[in-house]
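**Q** Test case, fold it:
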Amino acid sequence: MLRQALLCGIASFTFWAGSAGAEALDPLAVKFGAREGVRNISISPEGKQIVFVGPRAGGGENAVVVDLSDGKSTPIFSSKGRTEQITHCQFILESRVVCEAYFNAGKNGAIDDATRLFSLASDGSDMKMLSANRPANAYYSSRYGGGVVDYTVPGQPESVLMERWYSPEMTTGTLTARQQSGLGVEAVNVLNGRRKDVLQPRETAQGFISDGQGKVRIIHMQPVTGTGYVRLQSSYFYSDATGKNWSRLSDVNFDAGLTTGFEPVAVDSTRNIAYGFGDYEGRTSLYERTLDGTNTTRLLISRPDAVVDGLLKIGRTQRVIGVSFVTERRFAEYFDPELRKLSIGLGKALGGDRQIGIIDATTDEQRLLVYAGSDTDPGQYYLYDKATKKLAGLLLDRPELQGMAFGQMKPMSFTAADGTVIPGYLTLPPGSTGKNLPTIVMPHGGPNARDEWGFDWLAQYFAAKGYAVFQPNFRGSTGYGAQFFGKNGFRGWRTAIGDVDDAARWLVSQGIARSDKLAIVGWSYGGYAALQAGVVDPGLYKAIVAIAPVVDFDKWREEFRNMSNFTVMDNLIGTGPHTAEGSPARHAEQMTAPVLLFHGDADRNVAVGHSRLMQDRLKAVGKSVDYVEFSGLDHQLDDGDARAAMLTRTDAFLRRNLGL
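**A** Predicted coordinates for the structure are as follows:
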């Protein structure tokens, strides 16, 4: 399992079906492909230490504790990477850390994700498993090891509230077997692992929201059909101030990627209200709703130019301090006047056009962890002391890129064929005039997502190699309201791909791109978009790169057939002629541009069979295709060596096919 005895195995990537073997790695690809230096960071309650999760040499992650008095760093826990990862660590006590590990528990090549939560001393000793063990007489077990619901338990400073999945137990030979099943909540002591029931399991419970003071106030319930699939409607229930007497708070409906209804995300116990997101005039906005039996609802923040989609919280109690939203870039709006003033002051002190984020705080909120970064700054973490008003640098997010020049990520928009204005971002090579460049159109993944202003390692690598990169937020992207989202990028693929192709034509019309040196590169849904764009307009792109793409809608739907969320995916993709018409694997004969595919064989989001199928279909009709498959890696290809190989291979492929 993990370094202190959880799991196994590290596998190297392998190349499949390429016309050449593994090229020597491009030095720039090694630098840009290196993973971010800080995956997660937390400060101790008294502010004497921090713990962060960062990349480990040779693969995997290290959890590292840093003594802020002398800067001494101590790796306390490691994973090997690929099929095992440390996802995050959090200080619970001044000398105690809780971490979550993810691993693949599948056998004989099967992919079966599992998580476990454990605690250990800040010097790396005395590890205790916090996830509940499966009783020997349980009918089944869950791979989910539970998550922390609240870091505070009244009268129990050494405990946290944790979710636990319960399974009914066989009664043979015993009178004490539990028959309850579903998700419940326990108080778990982080020093000895002892546990006590707090909230009995509910069969259809999906999650819980506490008040930050150790009391669960909201339960999310999602009923299932008779066949075991979740329904497209769910409900939230809240308790009174005593933690009892549950009442309905709201109902939420899901349809084709859009949700309607009040979705609570946090509770303020002093005001006895829930914060939540809901629709206002077609855009997600922030509301508050009382938990006093009246369900009185008040609109807090809405914007005509953006969706309000982020709630800002800090500290052990996860105190709500503001919201965030994206126009051309992400902005924070603080409720707390002191933090609002501080954020502005820090931005001025650090200079440039940096985004400032307040990440974590000590119990008394006198010491803060702060992040600052921009489109041309890979980012750095700082410690701010309110008493001394001093800001000290802690960690660089991408130290390998220190001192390099980067291209600015400029918000741009163009008009699609039907007259709709489509936003996006253009990144030019540093120092470029922006004219007659080899150009990459790079649609984002999701598709229920969007690109945002900020440092993008993939776009910046290509810019450093001399390409212009345009990232269109095509229709079907989130962040622009329900009308722009439309039918989502699957049901509405014609509109989404039309916008992507219109972006390419606009780049040529503006003199930015040369029509004979135009390529498209995408990851996940972006990889799908790259392939389907090559089907819709075969002569537009001279090279296509697809990373972990969906290539057949119906195939993808069926991969969820035995999962409880099949109904959600079925609803997202839809049925009808569009599923065949929009699947590039069924139209390989229409493609003319050379194709390069990448995929990890441990991908749970989009099975590796998609790229294998696309390769087979292209080969069968005599098309040019190269395929690189990475062993043991998932959808994110979260490995520096693999990413460096991917970037190196992609640049060589583009140069060869664009005549550079």
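
**Q** Quick check: T579 touching V550?
**A** No - counting by Cβ atoms under 8 Å, T579 sits too far from V550 to count as a contact (11.1 Å). From N, CA and C alone the C-beta is placed, and that goes for glycine too.

**Q** Which one's more surrounded, those two?
**A** V550 (30 against 20; other Cβ atoms under 10 Å).

**Q** for the more buried one, what are its contacts?
**A** For V550, the contact set (Cβ atoms under 8 Å, 6 or more residues apart in numbering) comprises 524-525, 527-528, 556, 606, 610.

**Q** List the single closest residue to it in space, sequence neighbours excluded.
**A** Y528 (4.4 Å; Cβ to Cβ, 6 or more residues apart in numbering).

**Q** Just to be sure, the one you found is in a helix?
**A** Yes - secondary structure assignment (DSSP: H, G, I helix; E, B strand; the rest coil) places Y528 inside a helix.

**Q** how about low-confidence regions in this protein?
**A** Scanning the chain for pLDDT under 70 picks out 1-22, 105-112, 134-142, 168-179.

**Q** Domains in it, by residue range?
**A** Using automatic domain parsing, the domain ranges for the chain come out as 39-169+183-197, 409-658.

**Q** if we can go back for a sec, quick one, what contacts the residue nearest to V550?
**A** Going by Cβ under 8 Å, 6+ apart, Y528 touches 522, 546, 549-551, 584.

**Q** So which bits of the top helix by length along the chain are buried?
**A** Longest helix in the chain by number of residues, with DSSP state H as the criterion: helix 640-658. Of the residues in helix 640-658, 640-651, 653-654, 657-658 count as buried by neighbour count, 16 or more other Cβ atoms under 10 Å.

**Q** Pull the distance from it to the chain's centre.
**A** Averaging C-alpha positions (Cα atoms, centre = their mean, to the nearest Å) puts helix 640-658 24 Å from its chain's average.

**Q** to the chain's geometric centre, what's the distance from stretch 604-620?
**A** Taking mean C-alpha positions (Cα atoms, centre = their mean), stretch 604-620 and its chain are 24 Å apart.

**Q** Residues touching it, excluding its own?
**A** Stretch 604-620 is contacted by residues 16-17, 111, 113, 524, 531, 546, 548-552, 555-556, 559, 584-586, 588, 591, 595, 597-602, 624-625, 627, 629, 634-635 when judged by Cβ under 8 Å, 6+ apart.

**Q** Using neighbour counts, trim these to the buried set.
**A** Using 16+ other Cβ under 10 Å, the buried ones in the contacts of stretch 604-620 are 16-17, 524, 531, 546, 548-552, 555-556, 559, 584-586, 588, 591, 595, 597-602, 624-625, 627, 629, 634-635.

**Q** Can you flag which of those residues belong to helices?
**A** 531, 555-556.

**Q** Could you dump those residues into TSV with distance to L518 added?
**A** TSV is the format used below for these (distance: Cβ to Cβ, whole Å):
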residue	distance to L518
L531	16
K555	29
W556	28
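
**Q** Quick check on D360: phi, psi?
**A** phi -160, psi 170 (degrees, to the nearest 10).

**Q** in the sheet, who's paired with it?
**A** L369 (DSSP bridges).

**Q** From the buried residues of helix 640-658, pick the one nearest F325.
**A** Nearest to F325 out of these is R643 (Cβ to Cβ; 30.5 Å).

**Q** mind saving the C-alpha coords of stretch 383-394 as PDB?
**A** What follows is stretch 383-394, C-alpha atoms only, in PDB (Å, rounded to 0.1, in the frame of the first residue of the first chain):
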ATOM      1  CA  LEU A 383       2.600  33.000   5.800                       C
ATOM      2  CA  TYR A 384       1.000  36.300   7.000                       C
ATOM      3  CA  ASP A 385       1.200  37.300  10.700                       C
ATOM      4  CA  LYS A 386      -1.500  39.800  11.700                       C
ATOM      5  CA  ALA A 387       0.400  40.900  14.900                       C
ATOM      6  CA  THR A 388       3.600  41.800  13.100                       C
ATOM      7  CA  LYS A 389       2.000  42.500   9.700                       C
ATOM      8  CA  LYS A 390       4.800  40.500   8.100                       C
ATOM      9  CA  LEU A 391       4.400  38.400   5.000                       C
ATOM     10  CA  ALA A 392       6.900  35.500   4.600                       C
ATOM     11  CA  GLY A 393       7.400  33.300   1.600                       C
ATOM     12  CA  LEU A 394       7.000  29.600   2.200                       C
END
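
**Q** quick one: contacts for the residue nearest to F553 when sequence neighbours are not counted?
**A** Leaving aside its chain neighbours, F553 sits nearest to T579 (4.0 Å; criterion: Cβ to Cβ, 6+ apart). Neighbouring residues of T579 by Cβ under 8 Å, 6+ apart: 553-554, 557, 573.
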